[in-house]
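Engineer: Compute the structure for the input listed below.
(one chain, ligands or ions: 2)
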Amino acid sequence: MIISMRPHATKEEIEHVCERIREFGYKVHSIAGEERCVIGAVGVGDVTACLESLEATPGVESAVRISAPYKFVSREFRKEKTRIRVNGVEVGGSEFVVMAGPCSVESEKQIMETAEGVAKAGAKLLRGGAFKPRTSPYDFQGLELEGLKLLAKARQATGLAVVTEVMSDRDVDQVAEYADVMQVGARNMQNFALLKTLGKCGRPVLLKRGMSSTIKELLMSAEYITAHGNPQIMLCERGIRTFETITRNTCDIAAVPVLNELTHLPVILDPSHATGKRSVVPALARAGVAIGADGLIVEVHPCPEKAFSDGAQSLDLQQFLAMMQSLEGYLALWQQMRTGESLPGAPMQAASSPQPAAVRA
Ligand code: PEP
Ligand code: MN
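Structural biologist: Numbering: from 1, shown residues only. Ligands and ions are numbered 1, 2, ... in the order given. The predicted model follows:
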C-alpha cells in the first residue's frame, strides 16, 4: 500500500498513520517526497480494512493498493524522478550525464590518459573495472585494490567521480572506500547477497540489467537494494541476449521509456556492451538521448587495439570526442523535453512536440 499524506501533514499525524499501519500488521517504510510525505506499507494483512481506516485518518490524502511486486521503486510510490547527487553532478535531474572510461583499469598511464581525455570531452564520471567478471578464468581479472587506487588518483587529478564494479558482497566495503558509484554488473544482477549488502553501503548503485533478465526482474533487484536501505539506484540497459549474433547483445531500446513509465529511478544506457561494436556505439548513444535516458556509460580506451578487455567496443579518445559533439543537437532537444515534462522523467509525449533545432531553423 502507498499512503500519500496531505502537503502540510504534521509530524504527529504522520506518526499516527505509521502506528495504524503497524497495528494492521504491516511494516512501514516512509520517504519524504519533495512536496509531501509518502508512506509505503508492506506485508500481509487485511488490505481493505486497513485502506478504509487510513482514508479516514487525519492528514491522509489517499491510500492505494499497489499491484506491482516492486513497490518502492515504482512510479506509483514516487511521482518525481529520483535525483542522485554524485560529486556535484546530478543524475536524474536536468543534466544528461555521460560516464566514460575503459572496460578495465590497466595501468596508471592508461587510466590517467583516459580520465583526462573523457573529462575534456564532457564526461562527468569515470568508469573502469578493477574487479572484472570474465567468462574465462584465464582472462585478465582486474587489478583489484591497485585498480581502485588508480581510479581514486584519476579522480583527484580530474575531478571526475568514479563508477566501478563490485562483484562480491565481501568486497563492498573496500570498493565503497574508493568508488563514488558502485556498479553491479549484468552477471550479478540477481546476486541477492550482494544486493542486500549494497543496501547498507552508503553509496549510489548503478544496477545493470542481466543479459537474460526481464525488466520486471531488474526492478525487483532494485527493490532489494531499496528494501535494504538504499534508494539511490540508477538502472542500466546494456543489451540482452537474443538470437542475433552480429551484435554482441541486442539493445532493448524500448526498455528505457518503459522503465521511465514504471519507475522513478534514473535510467542509463550502455551502448558499448549493448552492441559490442565500436562503429555503432555513437548511433546508439544518440538514440539513448532521443528516448529519454538520463545518461550513458561508454567504454573508451586510449588505444583500443591494446585493451585488456572489450577493445572491439571501445572508442578511442578522438572517437569519443566526436561522439560527444554529435550528441549536442540531440541534447538541446533532450533539455527541452525534460523541462516540458509534466511528470519529471515521464514519457516524452508529455512535452509539447518540440522540434529538433535543425527542423525548426
Ligand atoms: C562492464 O561494464 O565492463 C561490464 C562487465 O558490463 P556488463 O556487466 O554489462 O557485462
Ligand atoms: Mn566491458
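
Engineer: The helix or strand where Q156 lies - what's its average pLDDT?
Structural biologist: If you go by DSSP states H and E, Q156 is part of helix 145-158. Computed over helix 145-158, the mean pLDDT rounds to 98.

Engineer: Contacts (any at all) between ligand 1 and it?
Structural biologist: No. Helix 145-158 is not in contact with ligand 1 by CB under 6 Å from any ligand atom; minimum separation 12.4 Å. Backbone N, C-alpha and C define where each C-beta goes, glycine included.

Engineer: distance between that helix and the chain's centre?
Structural biologist: For helix 145-158, the separation from the chain centroid amounts to 22 Å (computed by CA atoms, centre = their mean, to the nearest Å).

Engineer: Quick check: buried residues in it?
Structural biologist: For helix 145-158, the neighbour count (16 or more other CB atoms under 10 Å) marks 147-152, 154-155, 158 as buried.

Engineer: Is the next helix or strand after that helix positioned near ligand 2?
Structural biologist: Using DSSP H and E, the next helix or strand after helix 145-158 towards the C-terminus is strand 161-165. No. Remark: strand 161-165 sits outside contact range of ligand 2, by CB under 5 Å from the ion, the gap being at least 9.1 Å.

Engineer: ok, the next helix or strand after strand 161-165 near ligand 1 or not?
Structural biologist: Of the helices and strands lying after strand 161-165 in sequence (DSSP H and E), the nearest is helix 172-178. No. Helix 172-178 stays clear of ligand 1 (CB under 6 Å from any ligand atom), getting no nearer than 13.9 Å.

Engineer: Buried residues in helix 172-178, which are they?
Structural biologist: Applying 16+ other CB under 10 Å to helix 172-178 flags 172, 175-176, 178 as buried.

Engineer: ok, of those residues, which one's closest to ligand 2?
Structural biologist: Of all the buried residues of helix 172-178, ligand 2 sits closest to V175, with 16.7 Å by CB to the ion.

Engineer: Can you get me a residue count around the closest residue to that closest one other than its chain neighbours?
Structural biologist: Nearest residue to V175, sequence neighbours excluded (CB to CB, 6 or more residues apart in numbering): V166, at 4.2 Å. Applying other CB atoms under 10 Å, we find 28 residues neighbouring V166.

Engineer: could you give me the average pLDDT of stretch 72-86?
Structural biologist: Rounded mean pLDDT across stretch 72-86 is 93.

Engineer: Equivalent analysis for stretch 97-117, please.
Structural biologist: 98.

Engineer: got the contact list for G40?
Structural biologist: By CB atoms under 8 Å, 6 or more residues apart in numbering, G40 lies in contact with 1-3, 28-31, 71-72, 77.

Engineer: Quick one: which of these is the most crowded by neighbours?
Structural biologist: Counting neighbours by other CB under 10 Å, I3 comes out on top of these with 27 neighbours.

Engineer: so what does the helix or strand harbouring it touch, helix or strand wise?
Structural biologist: Assigned by DSSP H and E, I3 belongs to strand 2-5. Contacts defined by 3 or more CB pairs under 8 Å, 6 or more residues apart in numbering; DSSP states H and E place strand 2-5 against helix 11-23, strand 37-42, strand 60-64.

Engineer: possible to save these as JSON lines with mean pLDDT?
Structural biologist: Output for the helices and strands packed on strand 2-5, formatted as JSON lines (pLDDT from 0 to 100):
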{"stretch": "helix 11-23", "mean pLDDT": "93"}
{"stretch": "strand 37-42", "mean pLDDT": "89"}
{"stretch": "strand 60-64", "mean pLDDT": "93"}
